[in-house]
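Participant: Got a predicted structure plus its sequence, pasted below:
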2 protein chains.
Amino acid sequence: MPERDLQYLADLAAQLRVDSVRSSAAAGSGHPTSSMSAADLMAVLFACHYHYDFARPEDPGNDHLIFSKGHASPLLYSLFKAAGAVTDEELLSFRKRGSPLEGHPTPRLPWVDVATGSLGQGLPIGVGIALAGRLERLPYRVWVLCGDGELAEGSIWEAAEHAGHAGLANLTLIVDVNRLGQRGPTRHGWDTGAYARRFGAFGWHTIEIDGHDPGQIDFALGDARNTRRRPTVILAKTRKGEGVMEVENREGAHGKALKDPETAIGELGGPREMTVEVHRPEPGTEAYRFGGGPLTLPEYAVGERVAIRTGYGEALAALGAARGEVVALDGEVADSTRTQEFATRFPERFFEMYIAEQQLVAAAVGLQVRGWIPYAATFAAFLTRAYDFIRMAAASRASIRLVGSHAGVSIGEDGPSQMGLEDLAMMRAIHGSTVLYPSDANQAAALTAAMADLDGVSYLRTTRGETPVIYPPGERFPVGGSRVLRHSPDDRATIVTAGVTVHEALAAADELAGQGVSVGVVDLYSIKPVDAAALAEAATTTGNLITVEDHRPEGGLGDAVLDAVSELGPRVVKLAVRDLPGSATPEQQLADAGIDRHAIAEAVKRLL
Amino acid sequence: MPERDLQYLADLAAQLRVDSVRSSAAAGSGHPTSSMSAADLMAVLFACHYHYDFARPEDPGNDHLIFSKGHASPLLYSLFKAAGAVTDEELLSFRKRGSPLEGHPTPRLPWVDVATGSLGQGLPIGVGIALAGRLERLPYRVWVLCGDGELAEGSIWEAAEHAGHAGLANLTLIVDVNRLGQRGPTRHGWDTGAYARRFGAFGWHTIEIDGHDPGQIDFALGDARNTRRRPTVILAKTRKGEGVMEVENREGAHGKALKDPETAIGELGGPREMTVEVHRPEPGTEAYRFGGGPLTLPEYAVGERVAIRTGYGEALAALGAARGEVVALDGEVADSTRTQEFATRFPERFFEMYIAEQQLVAAAVGLQVRGWIPYAATFAAFLTRAYDFIRMAAASRASIRLVGSHAGVSIGEDGPSQMGLEDLAMMRAIHGSTVLYPSDANQAAALTAAMADLDGVSYLRTTRGETPVIYPPGERFPVGGSRVLRHSPDDRATIVTAGVTVHEALAAADELAGQGVSVGVVDLYSIKPVDAAALAEAATTTGNLITVEDHRPEGGLGDAVLDAVSELGPRVVKLAVRDLPGSATPEQQLADAGIDRHAIAEAVKRLL
């Protein structure tokens, strides 16, 4: 590279440092030192290797850049300024109320794919985007900037394994090895070899460089772009706070605006107004998409015994045939979740994520960045492993569909480790989420199809055992709705439930009817949003509600009902799983948890 | 090893296989094939290398064995039978209602340290027990049996990194590489070299063997015991279902009782009644414990502004001085969580877990296995990363204390990625959990101390900013209690809140009082168990409750209140964080979320 270019890159990096210091100073907080360590890396990337049209963030040919070290947002925004995407005034609105230049990047900015700031998430999401690129037969590259501290996160190694084994050559990880974490030195300090051995073992091409040498950086980025069959990691030795004596390579300088920004800016050569011309992608690139057709959902005859998870699985396969954008992912349990049918029929659009639930959800987030409609399934219990990714998916405004099978004690003998008993609470608390819990296979099929068009994080809770089909095929189950399954003017109480316990409630209602006690039954298949009108109706008509759920008493269906009806003051009895189950048959489990037909009938009688 | 001994070991392994087949056949379910692949490994371990006194499971000299592949429970129980700890009749109660021989192991059996069955957890928990062994200056060994499929879990690599870097030579991982997962082949099949390269890169001593050769197994286990300065992984190539034609090395044979158990038992040489004499540990070993003294909690003057997290941090340090069993762990943010003071004063009892929240919680679980009293802290938001470990800790009947700092929007500028807004929902849903949310530093200190004696999973939610001290030092705050902060017979409504919004509620009450509207204020510092009596009192006196929480509206304080008072039919208005925050000052965040003093006063006025 000619000296003139090297000088330009050094100057550009200095400007990025200056602007990181300035924006953090204006905010009075932020992470300038973590931005300064990576400034040279990003200057060279933007000037020489990144392909992106800032005027057309939706261009399918654009590269993708994920700042996994989201706290280095001052650097990202300084890059956007240098690229002409934000003004200096906007830059200085950093971290202020209403500014899209938040403390950590979010997709409020059109050039940001996903929210970051929970460390260790950028690489697994990048794997998802890289998988999308392969599916779309597009040449775009995925660049992920990580800190060294976040390499301690297990999710990094789930991603390293997936990318290495899948040979995702379109993925490059750039690690800013500045050796200092928040509290103190990282485990490996500047030993980039330690990281190289690890990534190398996972099948990656590894490059160790001086992260402040533009020539070395340029060579490494070019090497990454030229490498076939393997992802590349660039391990760049850097100094945190590079270029400013007050903070350079010093502990205790994490996550603070500089004390003396003016001096710092002086040391860095003062403010500059350089621009960087980012290469645009080839014009006219188009993503490959799979064809579709009419949607023909599976149909189950009323009275037949079919597992709810089967309704999901067969509907997903039908959806796959109808809509080419639908993709499916599974955590090595597709035979159990019933994602298997999709996998068999559409192998190219099925992703086996193995037993790595964080990568499972992250890949779904990555795929939806590129417009795919992902369904990700595993046991409901094991989605807890990915809760931070689900939480961040909401911050990313991502539309992903999660399916948790084997919910509740009704799985039977396997015991508590396999029982999803906290999933409704976990999923309800997610911002903007939709939580669905079908009670028969036809309903599951209808809701599975409905999820394809939902925004945000949606969740389908399925159960293991076979349950009777109670709804005829073809019925509509709007999100936010419910179904009245038993109702008479004589009702003295209403049982509100969903999923497997709907059948217990119906049996209890029949048993009580035989004893001259009339009770209503509501199938609350949409736990969030909840059908407040129907619940209010039930609450005011009988004044007595019994909620039943194969879930912990906290945060689930019962709490959703209480929230909807509290102002109406009905008496509410909540039946839920209060003890720690052991092994037993599904029927015994429901009985032991006090949520089977007999327990429900008893509760009604006690209440009246 | 003499031929006679090899023959004994082969016969013992055959018996373990037969008993695995028998117990699964009696149950009609279970994982015999995953048991059979590891039978030789465990036969040799029990006969030659394991040190354990089955009559004294509490013996501090005992080794620890964790079946991370918990689905291989038939093998574990068959080992217990061979060791004389369970009878054949008990063995055949496997998976039946009431039997402690559950589908996956739990500490209902005295020889089981922790519940397993969520894959990838055994090794990180084993790291915690190995750290305890070092702290206790005891020579016991920790043996972890893993499947190959679970090596895809990131938590394995968090543990590999921690153990490798800490040089935990007392830890041995035995991987049963049977090449078949649940749905199909694993990523690396029988390529034990792929795993060896990975563990080797993380600093482990690696041994690759034929997992059905007793001599090789014995040599490898001896090698592990003799290895200093490094943990050892034994990568054993095995065949799933080894020894039975119906299932050996076949796909589709996961997690099912054998179709023809009689033929299988015949192939395996028929039932046997062999016993294994497990070596006992050296008698009279005693764990080193640190001294203690009187507890002197920090004291803060009423009116002073102190961060609640500081109350926790200084109380934890005081507790460390008072009780030698207290240990602390942190996820590389001890300066923020304020675990730092403990770390400085008691470096030997402080564990820096780096940015690896699953390992953070798992190590706490492991340490409590050996009687330590662990406190594990990170940002509340990042505890979501460990939700599966927290869920399983409850199944393990583990007593761990979790501390989540930087809860809620009140952190200010950092934005949603750093805000714990789902943590109350997540923690309330955990079986047997305690959820505490202090509003000032003295209360935080008192609750921190109280947590030391709590059973089960307990959680302390702390906030970032400084808040006024409102309680004099030395007051008692019983778990399950609450505090009435404002109350008069004229009250027309009661505000129920906790944490940072207590101060907003007090300001709102003052503002309203100035306008002639009297409202009560309850500090509900114990979210679970909740003070139902005090809430009922408030609900019946005024009939109007306003709940306020810096948390999502689902599953948190508001839902806890609704659950407690629903039958009394008060009108309840729930103020909570309903939108997705951006960056802003703490005051602006509280206002934008509608949970600051003005929003509370407005809500009261609307309600009345």
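Facilitator: Arrived safely.
Participant: okay, the closest residue to chain B within the stretch 151-300 of chain A: pLDDT?
Facilitator: Using C-beta to the nearest C-beta, the single residue of the stretch 151-300 of chain A nearest to chain B is residue A:154, 2.4 Å away. In this view, the C-beta of every residue, glycine as well, is placed from N, C-alpha and C. With respect to pLDDT, residue A:154 scores 98.
Participant: residues contacting it?
Facilitator: Applying C-beta atoms under 8 Å, 6 or more residues apart in numbering or on different chains to residue A:154 gives the contacts A:120, A:358, B:153-158, B:356, B:358-359.
Participant: What of residue A:172?
Facilitator: The neighbourhood of residue A:172, defined by C-beta under 8 Å, 6+ apart, consists of A:141-144, A:221, A:224-225, A:231-234.
Participant: Chain B contacts on the stretch 301-450 of chain A?
Facilitator: Within the stretch 301-450 of chain A, the positions near chain B by C-beta under 8 Å from any C-beta of the partner chain are A:330, A:332-336, A:340, A:352, A:354-359, A:381-382, A:384-385, A:387-388, A:391-392, A:394-395, A:412-418, A:421-422, A:425-426, A:428-432.
Participant: Show me those that map onto helices.
Facilitator: Assigned to helices by DSSP state H, the following of these qualify: A:334-336, A:340, A:357-359, A:381-382, A:387-388, A:391-392, A:394-395, A:425-426, A:428.
Participant: Am I right that residue A:25 is in contact with residue A:256?
Facilitator: No - using C-beta atoms under 8 Å, residue A:25 is not in contact with residue A:256; the gap is 10.6 Å.
Participant: So between the two, which is more surrounded?
Facilitator: More crowded of residue A:25 and residue A:256, by other C-beta atoms under 10 Å in any protein chain shown: residue A:25, with 22 against 15.
Participant: Look up how far chain B lies from the more buried one.
Facilitator: According to C-beta to the nearest C-beta, to the nearest Å, residue A:25 and chain B sit 13 Å apart.
Participant: Pretty sure that residue sits in a helix.
Facilitator: Yes - using DSSP: H, G, I helix; E, B strand; the rest coil, the assignment for residue A:25 is a helix.
Participant: per-residue pLDDT, the residue lying closest to it once chain neighbours are set aside?
Facilitator: Leaving aside its chain neighbours, residue A:25 sits nearest to residue A:261 (3.8 Å; criterion: C-beta to C-beta, 6 or more residues apart in numbering or on different chains). Looking at residue A:261, its pLDDT stands at 97.
Participant: what's residue A:261 in contact with, if anything?
Facilitator: By C-beta under 8 Å, 6+ apart, the neighbours of residue A:261 are A:21-22, A:24-25.
Participant: Now for those: which two are most distant?
Facilitator: A:22 and A:24 (7.4 Å; C-beta to C-beta).
Participant: all strands of the stretch 51-200 of chain A, in order?
Facilitator: Ranges of strands in the stretch 51-200 of chain A, per DSSP state E, counting those that start in this stretch, are A:64-67, A:142-147, A:171-177.
Participant: Distance check, the residue nearest to residue A:25 against residue A:254.
Facilitator: For residue A:261, the distance to residue A:254 equals 17 Å [C-beta to C-beta, to the nearest Å].
Participant: Next: residue A:331.
Facilitator: For residue A:331 relative to residue A:254 (C-beta to C-beta), the value is 35 Å.
Participant: again, but for residue A:140
Facilitator: For residue A:140 relative to residue A:254 (C-beta to C-beta), the value is 33 Å.
Participant: same check, this time on residue A:99
Facilitator: Noted for residue A:99: a distance of 23 Å to residue A:254, by C-beta to C-beta.
Participant: between these two, who's got more neighbours?
Facilitator: residue A:254 (23 against 19).
Participant: My reading is that that one lies in a strand. Confirm?
Facilitator: No - counting by three-state DSSP, residue A:254 is not found in a strand; it is coil.
Participant: Relative to residue B:418, how far out is the residue lying closest to it once chain neighbours are set aside?
Facilitator: Leaving aside its sequence neighbours, residue A:254 sits nearest to residue A:182 (C-beta to C-beta, 6+ apart; 4.7 Å). As defined by C-beta to C-beta, residue A:182 lies at a distance of 12 Å from residue B:418.
Participant: can you give me the helices in the stretch 151-300 of chain A?
Facilitator: For the stretch 151-300 of chain A, the helices defined by DSSP state H, counting those that start in this stretch occupy A:154-166, A:192-201, A:214-226, A:261-267.
Participant: looking at those, which is closest to residue B:484?
Facilitator: Proximity to residue B:484 (C-beta to C-beta) singles out helix A:154-166 among the helices of the stretch 151-300 of chain A, at 44.8 Å.
Participant: buried ones in the closest one?
Facilitator: Of all the residues in helix A:154-166, those buried under the rule 16 or more other C-beta atoms under 10 Å in any protein chain shown are A:154-164, A:166.
Participant: Repeat that for stretch A:3-10.
Facilitator: Of the residues in stretch A:3-10, A:8-10 count as buried by neighbour count, 16+ other C-beta under 10 Å.
Participant: Need the mean per-residue confidence for it.
Facilitator: Stretch A:3-10 carries an average pLDDT of 95.
Participant: Export that stretch to PDB, keeping only CA atoms.
Facilitator: The C-alpha coordinates for stretch A:3-10 follow below in PDB (Å, rounded to 0.1, in the frame of the first residue of the first chain):
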ATOM      1  CA  GLU A   3       2.600   5.600   1.900                       C
ATOM      2  CA  ARG A   4       0.000   8.200   1.000                       C
ATOM      3  CA  ASP A   5      -2.800   5.700   1.500                       C
ATOM      4  CA  LEU A   6      -1.300   4.600   4.800                       C
ATOM      5  CA  GLN A   7      -1.200   8.200   5.900                       C
ATOM      6  CA  TYR A   8      -4.800   8.600   4.900                       C
ATOM      7  CA  LEU A   9      -5.800   5.600   6.900                       C
ATOM      8  CA  ALA A  10      -3.900   6.800  10.000                       C
END
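Participant: Show residues contacting that stretch.
Facilitator: Residues contacting stretch A:3-10 (C-beta under 8 Å, 6+ apart): A:40, A:43-44, A:47-48, A:214-215, A:218, A:274.
Participant: Separate out the buried members of those.
Facilitator: Of the contacts of stretch A:3-10, these count as buried by 16+ other C-beta under 10 Å: A:40, A:43-44, A:47-48, A:214, A:218.
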